[in-house]
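Visitor: I'd like to go over a predicted model; first the sequence, then the structure.
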Amino acid sequence: MNFNFLYITCTDKAEAKNIGRALVEARLAACVNILDNMQSIYWWQGKIEEGEETVLLAKTRDSLVDQVIKKVAELHSYDNPCIVSLPIEKGSAEYLKWLEKETKE
């Protein structure tokens, strides 16, 4: 079984908690981590912007990534949220077994 790690930026901690809880409750992610107070510098509508965001990290099965992306897009306040998926190449066998158990088939 293959697993993925999703990196998602959110407006603030409240939005990250709302999205993260929805993903875990739906068993689309076994676990999420929220990292608050991230500083971002990015291009938006032709100019460089700076702001504070919150990072949401979600761990899930590879087969659920499209569903996670869809759910996040439904709940997110941004017009074009950052939702990127990275494969988990290796990890603790026990952790990966738990990840499989706690996500839906």
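Guide: Received it, and whenever you're ready, just let me know what you need.
Visitor: now do the nearest residue to Ile69 once chain neighbours are set aside against Lys90, distance only.
Guide: In this structure, Ile69 finds its nearest non-sequential neighbour in Ile83, 5.2 Å apart by Cβ to Cβ, 6 or more residues apart in numbering. Yep, even glycine has a C-beta here, placed from its N, CA and C like the rest. Going from Ile83 to Lys90 by Cβ to Cβ, to the nearest Å gives 23 Å.
Visitor: give me the contact list for stretch 63-75.
Guide: Contacts to stretch 63-75, defined as Cβ atoms under 8 Å, 6 or more residues apart in numbering, come from residues 2, 4, 6, 8, 18-19, 22-23, 26, 28-29, 58, 60, 81, 83, 85, 103-104.
Visitor: any of those buried? List them.
Guide: Burial by neighbour count, 16 or more other Cβ atoms under 10 Å: within the contacts of stretch 63-75 this picks out 4, 6, 8, 19, 22-23, 28-29, 58, 60, 81, 83, 85, 103.
Visitor: contacting residues around Pro81?
Guide: 8-10, 72-73.
Visitor: out of the residues you listed, which are inside strands?
Guide: Cross-referencing the contacts of Pro81 against strands under DSSP state E gives 8-10.
Visitor: out of these, who's nearest Trp44?
Guide: Nearest to Trp44 among the ones in strands among the contacts of Pro81 is Thr9, at 12.3 Å by Cβ to Cβ.
Visitor: now do the longest helix seen in the chain, average pLDDT.
Guide: Taking DSSP state H as the assignment, the helix of the chain that covers the most residues is helix 13-25. Averaged over helix 13-25, pLDDT sits at 98.
Visitor: buried ones in the next helix or strand after it?
Guide: Per DSSP states H and E, the first helix or strand lying C-terminal to helix 13-25 is strand 31-44. Within strand 31-44, the residues that count as buried by 16+ other Cβ under 10 Å are 31-32, 34.
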